[in-house]
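# what follows is a predicted structure for the sequence shown.
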Amino acid sequence: ARLAGLPAVPVSRSTALRRLRRLPVPASPVPRVIGVDDFALRRRHRYATIITDAQTGRRVAVLPDREAATLEPWLREHPGAEVVCRDGSATYAEAVRRALPDAVQVSDRWQCAM
């Protein structure tokens, strides 16, 4: 909203966000090496899964929960990952094994240290 005011196009913050959200998300191929991890939306109550490009750190997708039943269909719909870096979760391991049987699974060092 602040930047839109500079070229004499006044717009509210809500309108600017609404317009940005309407823009189509550019399609990009699934990276060869992906990272899969969970994070808390509300600690001890609600969690989600984030999928990232493990080489660049770019966010690829955010899934609404940390269930295998959600991750597995996403992986099937977005083939192309050859290496999956994940935490020690058996849930993620099973989803990756079923959806991408030829992918190499790597347990990341942060989870192994615990």
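That came through, no problem.
# show me where the chain has its helices.
When assigned using DSSP state H, the helices of the chain occupy the ranges 2-5, 13-22, 68-77, 90-99, 109-112.
# ok, T49 touching A40?
No - assessed by C-beta atoms under 8 Å, T49 is found out of contact with A40, at 11.5 Å. Quick note: C-beta positions are derived from backbone N, CA and C, even for glycine.
# pick out whichever of the two has more residues nearby.
Shown here are T49 and A40; by other C-beta atoms under 10 Å, T49 has more neighbours (24 against 11).
# before we move on, the earlier item: of all the helices of the chain, which one is nearest V62?
For the helices of the chain, the distance to V62 is smallest for helix 68-77, at 10.3 Å, taking C-beta to C-beta.
# for the closest one, what is the distance to the chain centroid?
Chain-centre distance of helix 68-77: 12 Å, with C-alpha atoms, centre = their mean, to the nearest Å.
# sort out which residues of it are buried, please.
For helix 68-77, a neighbour-count test (16 or more other C-beta atoms under 10 Å) marks A68, L71, E72, W74, L75 as buried.
# if we take those, which one ends up nearest to V30?
L75 (8.8 Å).
# and the lengthiest strand in the chain, what does it pack against?
What stands out as the longest strand in the chain, according to DSSP state E, is strand 33-42. For strand 33-42, the packing partners by 3 or more C-beta pairs under 8 Å, 6 or more residues apart in numbering; DSSP states H and E come out as strand 46-53, strand 83-86.
# show me where pLDDT drops low in this structure?
Counting by pLDDT under 70, the chain shows low-confidence ranges at 1-9, 108-114.
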